[in-house]
Structures are given as structure tokens and as C-alpha cells.
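Student: Turn this into a structure:
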Amino acid sequence: MLRLMIGKAGAGKTAAIINEIKRDMASAHGRALMIVPEQYSHEAERELCRVCGDRLSLYAEVLSFTGLARETAAKYGGGAEPWLDKGGRLLCMALALQSVGSRLRIYSAAQRRAELQALLLSAVDELKSACIGYDALMTAAASCPDSLGDKLSDLALILEAYDAAVANGHADPADRLTILARQIDENTDIDANVKIYVDGFIDFTRQEREILHAMLRRGAQLTVCLTVDALDGDNEIFELSRRAGRELLAYARELGAETEIVTLSEQSAKAPELTVFADNMFSYSSDKYTPARDALRLYRTESMAAECEQTAALCLEFVRDGGCRWRDIAVVARGFEDYRGSLESAFRHYGVPLFTARRDDLMSKPLPALIALAYEIVRGGWAVDDVISYMRTGLAGLAPAECDVLENYIFKWQLQGGAWHRSADWRQHPDGYGCEYTDETEETLRRVNSLRRTLAAPLLAFEEATAKAQTAAQQAEALAGLFEALALPEQLSRRAGELAQLGDEKTAAEYRQLWDIVVSALEQCAAVLGDTAMDSGEFSRLFTLMLSKYDIGTIPVSLDRVSAGDFDRNRRRSIKHLIVLGASDQRLPRTDDEAGVFSPEERERLLEMQLELGAGGESELWREFSLIYTCLTMPSESLTMLCPVADTQGAELRPAFVFNRAKALFGLNVTNASLSDARMSAPSPALGLAAQSMHGGDGRARAAAEYFAEKDPARYASLEAAANMSRGRLSSAAVEKLYGQRLRLSASRIDKFASCRFAYFCQYGLRAKPYEPVAFRPPEIGTFMHYVLEKTAREVKRRGGFAAVDDKTLRELCERFTAQYVSEELNDFNEKSRRFVYLFNRLCGDVWRVVEDMAAELRRSDFEPLDFELDFSDAREMPPVELGGGEDSLVLSGIADRVDGWYHDGKLYLRVVDYKTGRKEFSMSDVWYGMGLQMLLYLFALEANGGGRYDCEVLPAGVMYVPARSRILSMPRDADEESVSAERAKEQRRSGLVREDAALIEAWERGDDKRYIPVKFRTGKPAADSLASAERLGLLDRHIKKTLAGMAKQLRQGSIAADPFYRGQQENACLNCDYFDACHFSDGENGESCRYTPKLSAEKVWALMEEGDANG
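Tutor: Sure, this is the predicted structure:
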């Protein structure tokens, strides 16, 4: 007997069958079975229990088709072979493709592509769901001479091979429903005494129809509820259900079974507006209705994130003002995964309990991630990012603190590939190039190498085992060996126990599941694939794809929560309020889903050949309309639709047809959602709104601030303090702890403080360093240049000076000290890439050109190098330079690259030389602002204290930057040799400051053609820009001492204000600052502002100094 119970949504079909079950239960009449879609089974059980009471289980039960198949197999057999899980099915597909791969025309590449194997497995599922087998596919292929025929032929071969692979001791879950239909026919459990109710389906797959047919053949009393207005109607939204009903009626009549059609029109206790909307949602009439209450609402929002906030605020409104429970509210979105993150975040922020049916991706969990990364490491050359991610899984055998040590080292030096395979210890300095090796350094290196071996040993053994393995079983053994080496069972068990003790039962349960899932998957690999030839690459792709098919479910901590999900995944049907997100024509109806191996056009052709796969042409659109109708007719009190004005890419979105239909049908006004209004509905967002009032804000922000000021003054005071927070100052104790009892300033520290006090605090107070790899950048290049220049010049001096050494010898010395640097600082290029070696060798050519240039300059000068790398912090070389007195006193430290001297009239004139690899030039303007003082500090320190070192009266001759670089000239293509030489001569010119003395200028560089001296000549006379008289040099000394005293005072007072110098967009302290992200500086806010430092001429600077000196 077949009874079709039809009616529109809300007609009372579900209530009718539940009441019928209750009546039969009261009279002890037969047995009842209610079949519903999987996602509705829990709610259907709850509703049935609520109506029928505790005795229900003695008479009726709720099952899905799959649940019924499991129960029947358990009772009548058919489940003796173990059912394959998702991963095992993928392995069988891989095995099948290997067996028939050579015979395939379209899908031969699938043997080597795990992703294509997964797609073909989905195709097998679809074919089995449609009850389409090998013969049907081959018959259809014979009638299709084009590519569709090849595709059908391939699928027939794949399906046959797949079934053969499965039959080798396993069973395919995709066959459950087919087996169920056969078992219903063969057994007597389902007969005329069983009442079967089928509810909640739009239509049925071929497998499900076969089950219903078998039930009819057994004479069961079958009632099928379908949401349809009439079986002879023409409303397209009911077309799929109408077809399903007609097909069942036709089959029942063919059997000679009794049939009945019950049409329900009783409307549930819904808001009248919702009933009207349900009846007219897809109509095109111009009728309008006046809503009696606010049952339909339409919102436009600025973004998807704003939609989620507005939704959270609406949920709070429904509970506070409408008297409903959280569980009476549902949120739906087509393409829900796009909304999941934003929705969960917004609901947490607003304090609204939310449940989203989530199956966590297994590959995001530590153990599967470790497996995938292990393969990436051994097959990808031990890439730094892969190794760091591997150790950070927490399962690699290192504690977090040990990971920090090793990560910093391998990241800094970018160690990969061969570095991990060499047995020799790593010897690069943990702090980078040019650092001294101390006992502490050696201890750090010992620890790094120990941790490296602990981490690498299991991976190296795994790498060797996977390289030797030839079959899938051997590859599985290699992976099992890695598990054993890492003691993974013990680690996971211990971690699960720790999490349980901390109260995180959810994550603890995940850790317990992980091991079982992975081991089961590995065992299936060995059992199913066995001796199948497979290298590590193919095995890793297949195994990681296999793991990605598993997931870990979560159980909600309470039932009273707002439920959220996609239209076809919503688990609640009896709700009061429904909120629809993304009500745009981009999502409703949704038409962008993948069609699988068949295109929509191919599906239409298959349908013409009686191969019904669905998802093609009009039927897919009808299914989407049915889904929208079913979902939007669920609420009993209100329906709210929200549509953002733009998507995440900024593209404009138009409202969906149902949005516009509701607007036209009821003449509704669309509300432009206000985030300020929404945020006033919950404490946390309202507090953020109140914070806006501290810097302006709208009326809502001020209202929120007033609320917290009155109701929660302590919280408001904290907010106000945070809003007006400044960096403040360091205490005296903090200053002493960070900088020492006595301030010690080097030239670089002085430059940093003059550039920005906060940057100084970060670098020299907190000792914060940027997290970046070591590279041969300008500072390291400069160190290399300094090394070769200093060593070469020192050796040349020992041999009698540059005049006594020819270019050949000079070049030999340059190459000798370059090789020495490579040995001492670069570990003879060990752990260095070929690219690094190539670039370094190119740099060596620049070094020689700089040495050659230095030699040419000194051969033209009466000044001779006296000291190299003169250390002003080493009392053995120079007495310490002390400035100021009392608390503000400081000690100057630093190293002068080179000190040259010229003996004249019994006096020693000294000049300080600094090598610069960048484009740094001496600037009196910088000196005025406290920057670029380095050489002048050393010069005046030598004037004050150099007599003892050189056993002679010392006078300052000047300072000079020497370019330690070989710059590529930018010249026109047709430039002649003369213009090129003139341009190169400009590059040779030094910058600096020279004592105004004719004899000294001549001694600085002999001859009329002066190329190097940092003085320009006009009409044969030196220009004053780079000259300073003895009096002005004294004035400059006093200015520098005063500047340093001011710095010392600010440091002692704990100043850490951000006060970056600013000369322009391309010249300021914030540009390329290592601490920019930590600073949050905004000019003019929190009492901080830029120090504007316009470029001043030398004469202007001298005038300012003279004015300042006169005023004391």
C-alpha cells in the first residue's frame, strides 16, 4: 500500500504522521519506521519522543536509509566483510587505475594524480547511487562516437576494476543501499504489518527508489510525505518532488498495490506574513500585502563581516525581546564555509552561543601535518620552512624552548639540503657574520648541533628507508619506522592526558582519535596496495590525500545554541526565527558547484539515454529552488534576509530574487544596517564603540562611553587610560638596568638616538632584533670590505707604504686577505649555496677596485696610515673618552677604520678615515642635528688624548669618508671616453671636512689635479664648503660635547618617545625601520611628533653654532 501525503511547506505533514504513530502506539497496532534524511534524524527523534512519550522505542524508531541498511545487515548478514572507510576506498581506486590504466583513453593520467583519483571515486559514488553499472555504461559508450563515449568507456573499466579491488576481502559503503534493497526483497521483516513513513526528502536517488520499490513489493504500508502543491500542478519549485511522487504512484499501480493521495492544506501557527510569502515566493503577480507585524526584515550591510555582526545583534534581540530560546533561531547561508570564520568570531564577540556542524579537517592536526611535512622535507630538499613547521608540530622530539633555539639558528642561516646530511658540526656564528666566538658562543653551537641531530636522525633514517622502498607495503613500513623512532603512541597518549588535566577534553579526544585513524589508514595501505610498485612521491601523495578524507567531529557542549549551516545542511526544521546571510544573486540560487566528471550538457545527453545522473539542465535549478523554498519556509515567527553591498573582492552585489520579492510583495523598506547600533547590543562590542568616542566617534559611540562611565566606571577608566596612553618614561632603576650605571655611547648608538629615541630603546635597551635570515647585505659587505682594506693597508705599511708596493703585489695581498676572510668568517663556503659563492666572487672584483683606488689616493698624499681599526674602548690603545660629569657623564666607545698622519713643523696632523659601502656623505646639516658625529668624535678624542700614543703634539687635520664600493655608472649609450672618465672622477671624490690650511691641503693630496680630497676647487682655489678653520674646529668640538651631554641627560631621564627625524618621504627615520610594526607612531598623536630636519647649508650651520656658543 502506498500513501502519498502532499502539501506545501507548513501544511502539517510531519505532525500528521507523528500523530498517527502515536495513535497506533496507543492501540499497539503493528510496528512503525520513520525514515528521514541523515541531518534531520536527531530532531525527528526528539519530536517523536516529545509527542509519543517514553514507550516510543517499543513501537517505532527513526532511521535514515543508511541507518536502516546498517540495521538490516546486522540482522540478516551482508556485513561480514569489513566496510572500507573513505581512505580505504581511495586506495582501491588507486589499485583499480593501476590495473586498467593502459586501457584508458581519457583518464590514463589518473594513475599518477591522486587528486584525479578522488574525482573518479566521486564519479563511482554517483554511478552507484544511480544504479548504473558496467553494462549500462558500455552500451551507452557504444552509441557515443565522440569524447563522451571514451569517457563512459573509461568509467566502465574503472568501475569494474574498482569493484574487483574492493571484493578482495572488503565491502564498499556505496553499495549499502543496493544491498538493502536486495535484503528487503529476500527477507520477511518488512511486510504488511510494518508502517513506514518517509519524510523530509525533496526527491530520491535511484538506490533510494529501489528500496521504496522493494518495500512496496513486500506489501509494507508505505507513507511518503512530499512538499508539493499538487501532482498535476506546474509550479517549478515542486517539480522534483512531483516527479518523485508520480514515479512511486506509477510503480505501485504497476504492482497492483493500493494507492492513496492525501492532500493537506492546514496551515501551521505561522505568522501570516510568512504564510503569504511562502505562497507567493515564486509567483510573479503584482499583488501586494500589508504586513500586520514585523515578521519579514530586509537589511543591506557594508560587508560580509558586518552581516555577521548584525546577525549576532538580531539573535540577542530575539532572545531579549521575543522571549525565545537560542535553539529557536537558525542562521543559514548558501556557501556557508565562506561565512563560518566571520560568524563564529562575531558570535563569540557578542556572547551568543553558536553551533555550526563542523567536521575538523584532519590534515590541520599535528600528526597528519607531521607526516605530510616529513615527506615534504625528505623529497623537497629539507626546505627551511618545512623543517620549522615539522618541529613545531610538537611531535618531532623537541620541547618548545629547544625548537626556539634550533629554529632561530636554521632560519638565520637558511640551512637546508646538504647541511643536514653532513656529519660535521655547524659552525656559523649564532649572531651572524663578523661576531666574535666566545665560550658562550661555543656552548650555543654545541646545543644547536645536539638538537639538530635529535631532530634529523629519525628523518634521515626515514629518507633512506623511503628511497630503498619499492612497493606500497615497503613504503608503509618506512613510515611506520618513523612513527616508532619518534615514539608517537607514547607522545600522543601523554599529550592527551595533559590536555585532559587542563580541562580541554575536546582536544584531548582529538589526540586519542588521531593515532587510531592514522594507523588504520596505514594498515589499509599495506593490505590493499601490498606489492604494488610505488615510489615515495606517489605513496606520499596518495597517503596524504587518503588522510584528508578523514575528519574529526565535535559535539556541542549544550543544546540551547543558535544553529548555523548551509541550506542543505541545516539540522533544524522547527524554528521560530530564520536569518539568511548572503541573500544576493551571487548565492541564491547557487549555480557554481562543480558538476564532477560530467558537464551539465553531458548529463542531459545521458538522460536521453535513460542514464539519470541528475545535476544537469533544468533539474539542478529546480533542486536549488526547492532547497530555497524548503529552507525559507521553516520559521514560524520571523524571516530576516541580509545582503552585503559588495563581496570580499569589492565587486558589487545585487539582492537575490527572494529578497526583491519580499520587498515588492509587502512594500518593505530595506534597512541599511548600522554597525554602531548593532554594537550597542552587547558589552564587548559596545566597549569597542566607547573607545571610538575617545577620538571622536558618532552619537552611538558617545552614548556607549556614557553608559560605561555610569555603569562600569572602573572599566571605563581603564579604557580611557588605554586611549590616552603614552610611552611614558623609564624609571631610574630601569635605565640603570638597561643601560648600566655609566652610560657608554658608541657612534652608531649616538646616530640611532639622534634618529629616534624609541628605536634606540628597542635596539639597545630591549635588544630587540628583526627576525630575518642572515644575508650578505650592505652591513656585511661593509664588514668584508673593511676587513680586506684594513689587512691590506696594514701589510702594505709594514712593507714600506703604498709607494713601495706595486699593483701586482697589492693584488696578491688583496686576494690573500679575501681568502683569509672566506676561511675565518664564511667557513670556506660550507653550507653556502652556489648562488652565494657566485655573488661573493663578483664582489671580490669590487674589493680589488676599492683597494686599487685607495692605493692611488695614498700614493698622491703625504698623509700616511698610522692606525687601523683603532679601538677607543680599549684602554691599551687609547685612554677612554669621558664627557660630562655627575649622573649625566658618559664614556665614548667605538672603532676608527683608519687614522692617517702628517708630520709638519714638529706637529702631527691627524685625519680620521671611514670606509662607506653605501652612499653616505659628510653633512654639516646632519652634525647640527646630532647625526653623523662618528669621525668628528674620534678626531677630537685623538686631539685630546692622542699625544701619548703618538709621542707628539696632535692637531686635527679633518675627517673623510672613503667610498668602499664600485658603482656602476649610468651613462648614455653614445658617451665618449672623456665623459665617462669625468663621471668616474666624480665618484672618486671623497666627502668630509678639511682644516683650512694651504700646506695641509697640498699634503692631503699633491699636485694640481686633485681627485680625492673632499674639497672642491673653483678657479684654482679651494671652496669654503668643506673647510674649517682651527677656531671653527674648536667650535665644532664644543657643539658636539653639548649635543652629547643633552643626549646623556635624556637617556638618564628615561626618554623613550618616538621622535623620528623627518626630512622628506624618502629620507626619514621611519623608512625601513626595524621597529616600525612595534612602534605605532602617528605624527601629532599621544604627544609625539616628527622632528623636521630640513637640509641646512654649511654656512648656516656655522652661524647657528656661533650663535649658540655666544649664548652659552
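
Student: and Lys195, what element?
Tutor: strand 194-198 (DSSP states H and E).

Student: Compute the mean per-residue pLDDT across that strand, please.
Tutor: Computed over strand 194-198, the mean pLDDT rounds to 93.

Student: Pull the distance from it to the chain's centre.
Tutor: How far strand 194-198 lies from its chain's middle: 51 Å, per C-alpha atoms, centre = their mean, to the nearest Å.

Student: what pairs with it, and is each one parallel or antiparallel?
Tutor: strand 31-35 (parallel), strand 221-227 (parallel) (DSSP bridges).

Student: Reformat those as JSON lines; add mean neighbour count and mean pLDDT.
Tutor: Backbone N, C-alpha and C define where each C-beta goes, glycine included. Below are the strands paired with strand 194-198 laid out as JSON lines (neighbours: other C-beta atoms under 10 Å; pLDDT from 0 to 100):
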{"stretch": "strand 31-35", "mean neighbour count": "22", "mean pLDDT": "91"}
{"stretch": "strand 221-227", "mean neighbour count": "23", "mean pLDDT": "95"}
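
Student: Reformat these as a markdown table; add distance to Pro366.
Tutor: Below are the strands paired with strand 194-198 laid out as a markdown table (distance: least, C-beta to C-beta, whole Å):
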| stretch | distance to Pro366 |
| --- | --- |
| strand 31-35 | 40 |
| strand 221-227 | 45 |
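
Student: Which one, of those, ends up nearest to Leu121?
Tutor: strand 31-35 (26.5 Å; C-beta to C-beta).

Student: Contacts for that closest one, please.
Tutor: With C-beta atoms under 8 Å, 6 or more residues apart in numbering as the test, strand 31-35 has contacts from 17, 21, 24-25, 44, 48, 59-65, 68, 193-199.

Student: 7 Å instead, please
Tutor: 21, 24, 44, 48, 59-65, 68, 193-199 (C-beta atoms under 7 Å, 6 or more residues apart in numbering).

Student: what's the first-to-last distance across stretch 853-868?
Tutor: 18 Å (C-alpha to C-alpha, to the nearest Å).

Student: Stretch 260-276 too?
Tutor: First residue to last in stretch 260-276 (C-alpha to C-alpha) measures 29 Å.

Student: sorry, back to before: check which element follows the strand holding Lys195 along the chain.
Tutor: Heading C-terminal from strand 194-198 (DSSP H and E), you reach helix 206-217.

Student: Give the rounded mean pLDDT of that following helix.
Tutor: So the average pLDDT for helix 206-217 ends up being 95.

Student: Got the phi and psi for Arg23?
Tutor: Torsion angles at Arg23 (phi, psi; degrees, to the nearest 10) stand at phi -70, psi -40.

Student: for Leu177, that is, sorry about that
Tutor: phi -70, psi -30.

Student: Quick check, it in contact with Phe204.
Tutor: No: using C-beta atoms under 7 Å, Leu177 is not in contact with Phe204; the gap is 10.4 Å.

Student: tell me how far the helix or strand encompassing Lys1042 is from the chain's mean position?
Tutor: Using DSSP H and E, Lys1042 sits within helix 1030-1052. Here helix 1030-1052 is found 50 Å from its chain centre; the criterion is C-alpha atoms, centre = their mean.

Student: how deep is Arg293 tucked in, by neighbour count?
Tutor: 10 (other C-beta atoms under 10 Å).

Student: ignore the last one, Asp1059
Tutor: As a burial measure, Asp1059 scores 20 neighbours (other C-beta under 10 Å).

Student: does it really touch Arg1091, like I thought?
Tutor: Yes: assessed by C-beta under 7 Å, Asp1059 is found in contact with Arg1091 at 5.3 Å.

Student: mind checking pLDDT for the residue lying closest to Ala1023 once chain neighbours are set aside?
Tutor: Closest residue to Ala1023 apart from its sequence neighbours, by C-beta to C-beta, 6 or more residues apart in numbering: Lys1016 at 4.5 Å. We have a pLDDT of 86 for Lys1016.

Student: One more: Gly801?
Tutor: 89.

Student: And Glu594, by the same measure?
Tutor: 59.

Student: The helix or strand hosting Glu464 packs against which elements?
Tutor: Counting by DSSP H and E, the element that carries Glu464 is helix 439-468. In terms of contacts (3 or more C-beta pairs under 7 Å, 6 or more residues apart in numbering; DSSP states H and E), helix 439-468 is packed against helix 366-379, helix 400-413, helix 472-485.

Student: The stretch 551-700 of the chain: strands as residue ranges?
Tutor: 551-553, 562-565, 575-581, 635-644, 671-672 (DSSP state E, counting those that start in this stretch).
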